[in-house]
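# Provided below for reference: sequence and predicted model.
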Amino acid sequence: MIKSILFWVLAILVAPFFSAVILKVKAFFGGKKGPPLLINYYTLVKLFKKGSVYSTSTTFIFKLGPVVSLGAAVTVLLFLPFGGHPPVFSFSGDLLFILYLLGLGRFFTIAAAMDTASPFEGMGAAREAYFPIICEATMFMILILFYILTGELRLAAYFSGGQPFGLWQAAGSPMLFVVIAFFVILLAENSRVPVDDPATHLELTMIHEVMVLDHSGPDLGFIELGSFCKLFFYSSIVARLIMPFESGYLALNICLFVTSLLVVYMAVGVMESVVARYRMDRVPKFLLTSFALAFFATVITLEFLR
Amino acid sequence: MNIPVDMTLSLVLLSVLFSFGSSRLPGLIKVLAFQGVVVSIVPLIIGHDMTGGGILFTLATLTIRGIVIPLCIHFAIKKVAIRREVEPIVGYHASVLAGLGLIVAAMAVSHRFNAPSIGTSVLLLPTSISLLGAGMFLLIARRNAIAMVLGYIMMENGIYLVGTTFSVRALHIVEFGILLDVLAGVMIMAVILQNIKQTFDDVDTALLRTLKE
């Protein structure tokens, strides 16, 4: 139990580091040196030292938004098996809890954005509310598949220990489609490139960035940390799927896990470097592809199991 | 459960979804060429009569299905310089969802058949049925004549897979007959396409309604 809590703290601490890996990969593709790997820590420290500025037209919702979104992301990490180690909390049906906890965080980000009454933020909020609907369909399709395979509704039952390998054994090749579908969800939920550009400077094309334009100082720090944690959560699920083995030694397990995490983050970085961002009306098609893949995997697996 | 065969067949099913989602003709032709190649190596993987003649026939099928027919259509497009859009009647998103529904329906229907293929692979019959349905869908839901030709070829791929399930011995002879018909059909269609293009300056089949005696 103590170990699980230590791993949880560790997960929050290392999440900003991994996000910097993406920046490094992008800089490499651009032929640049890129920011140092600890850049996100510097940014967070800088933001936490600052004071906050609140517009007079905003209410307490605006102050609540960053706190709730960070709280949701950090709570979700409590359920994550870090490198296959049993998580702090785990109960039957915790998957739904996790999904809607992330939904709660998003809801408060959207509400805070609407609270500023800026037209740009409303537009970004509308997009942020629209795209995850399709992601949720994909997510539930994958959950149904995992439920069929294992008969359990706990995140720890799918991703702790050697369980992911069991999933591969039971489903076979369709798991490949699940991994791809999950990667697409990762890109969409964390507003990475083909869906949204985290580095854009044009309000008209922003999705996530435009919603946090009015936050400053520690609030912005909370939002940044929350998004690092969220990305870490999704990436470690994909990492567990692509590296499903259990070695028996804790240190080796963690090494394998960190290596596969680096692979996932680098894949995100490479994706951001080689793929142009999609036009806004092409995004639903991209997300629908992931749904089709997940659905397809489920149907085929059902046929195999019969 | 026969893993190599099932993996190949799930690639075929995936190509159905991609063909429903692709909006450009060159992309659609590439998907169909890929499908042709994958479909024709299925007998090799199942491997029930791998005599020298059998392998030769399979390779010949692969060449015609995966290389000759797609190239024919590719050059037909280049020659008549038609528009690249497939002009759907049913939109792409709806098509992909319809494709998923089609696969589910094919899975459900295939349990009602008492085919001898169940021993070889669970996916063989569902895949062939969904290929037949998908070809039909492309014929109905696209107005571009080339897309219709491609739907026709997809149906032929489905018939070939059905043949793999039912007959073992006479497979290659029957299949070769069908394939020659299809090849001739594609050539004739290329000629007709050219005529449509010359008359209407487009290959939209909806324009054919304006023809009067």
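In hand now; what should we look at?
# Of all the residues in the one helix or strand B:Gln198 maps to, which ones are buried?
Following DSSP states H and E, one finds B:Gln198 within helix B:171-200. Residues of helix B:171-200 classed as buried by neighbour count (16 or more other C-beta atoms under 10 Å in any protein chain shown): B:Leu171, B:His172, B:Glu175, B:Leu179, B:Val182, B:Leu183, B:Val186, B:Met189, B:Ala190, B:Leu193, B:Ile196, B:Lys197. C-beta here means a position set from N, CA and C on the backbone, and glycine is covered the same way.
# Out of these, which is nearest to chain A?
B:Leu171 (24.1 Å; C-beta to the nearest C-beta).
# What pLDDT is listed against the closest one?
pLDDT recorded at B:Leu171 is 62.
# residues near the closest residue to chain B within the stretch 51-200 of chain A, how many?
Nearest residue of the stretch 51-200 of chain A to chain B (C-beta to the nearest C-beta) works out as A:Ser173 at 4.6 Å. Using other C-beta atoms under 10 Å in any protein chain shown, A:Ser173 is surrounded by 18 other residues.
# give me the number of residues near the spatially closest residue to it that is not a sequence neighbour?
Nearest non-adjacent residue to A:Ser173, counting by C-beta to C-beta, 6 or more residues apart in numbering or on different chains: B:Met7, 4.6 Å away. If you count neighbours by other C-beta under 10 Å, B:Met7 ends up with 15.
# Then A:Leu143?
A:Leu143 sits with 18 neighbouring residues when counted by other C-beta under 10 Å.
# thought it was touching A:Ile98?
No: between A:Leu143 and A:Ile98 there is no contact under C-beta atoms under 8 Å: 10.4 Å.
# which residues touch B:Leu17?
A:Ala292, A:Phe296, B:Val96, B:Gly99, B:Leu100 (C-beta atoms under 8 Å, 6 or more residues apart in numbering or on different chains).
# follow-up on the earlier one: could the buried residues of helix B:171-200 go into JSON lines alongside distance to A:Tyr130?
Output for the buried residues of helix B:171-200, formatted as JSON lines (distance: C-beta to C-beta, whole Å):
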{"residue": "B:Leu171", "distance to A:Tyr130": "50"}
{"residue": "B:His172", "distance to A:Tyr130": "53"}
{"residue": "B:Glu175", "distance to A:Tyr130": "48"}
{"residue": "B:Leu179", "distance to A:Tyr130": "47"}
{"residue": "B:Val182", "distance to A:Tyr130": "44"}
{"residue": "B:Leu183", "distance to A:Tyr130": "47"}
{"residue": "B:Val186", "distance to A:Tyr130": "43"}
{"residue": "B:Met189", "distance to A:Tyr130": "42"}
{"residue": "B:Ala190", "distance to A:Tyr130": "44"}
{"residue": "B:Leu193", "distance to A:Tyr130": "41"}
{"residue": "B:Ile196", "distance to A:Tyr130": "41"}
{"residue": "B:Lys197", "distance to A:Tyr130": "41"}
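# pLDDT check: weakest of the residues you listed?
Among the buried residues of helix B:171-200, B:Leu171 has the weakest pLDDT, 62.
# Now do B:Tyr92 against B:Met155, distance only.
21 Å (C-beta to C-beta, to the nearest Å).
# more neighbours, these two?
B:Met155 (20 against 15).
# Can you say which helix or strand has the spatially closest residue to the more buried one that is not a sequence neighbour in it?
Here the nearest residue to B:Met155 in space, its sequence neighbours aside, is B:Gly135; by C-beta to C-beta, 6+ apart that works out to 3.1 Å. B:Gly135 belongs to helix B:124-141 when elements are defined using DSSP H and E.
# next one: that helix to chain centre, how far?
8 Å (C-alpha atoms, centre = their mean, to the nearest Å).
# Check which helices and strands it is in contact with.
Contact here means 3 or more C-beta pairs under 8 Å, 6 or more residues apart in numbering or on different chains; DSSP states H and E; on that basis helix B:124-141 packs against helix B:3-21, helix B:92-110, helix B:145-166.
# Can you tell me which residues in chain A are near chain B?
Counting by C-beta under 8 Å from any C-beta of the partner chain, the residues of chain A lying close to chain B are A:172-174, A:177, A:284-285, A:288-289, A:292, A:295-296, A:299-300, A:302-304, A:306.
# Give me the nearest residue to A:Ala219, chain neighbours excluded.
In this structure residue A:219 is Asp, not Ala. A:Pro66 (4.3 Å).
# typed the wrong thing, it's A:Asp214
Nearest to A:Asp214 is A:Thr116, by C-beta to C-beta, 6+ apart, at 4.8 Å.
# Just to check, that neighbour is in contact with A:Thr58?
Yes: A:Thr116 is within contact range of A:Thr58, at 5.8 Å (criterion: C-beta under 8 Å).
# Comparing the two, which shows the higher neighbour count?
Neighbour totals were compared for A:Thr116 and A:Thr58, and A:Thr116 leads with 23 against 15 (other C-beta under 10 Å).
# got a list of what the more buried one touches?
Contact partners of A:Thr116, counting by C-beta under 8 Å, 6+ apart, are A:Ser55, A:Ser57, A:Thr58, A:Phe62, A:Asp214.
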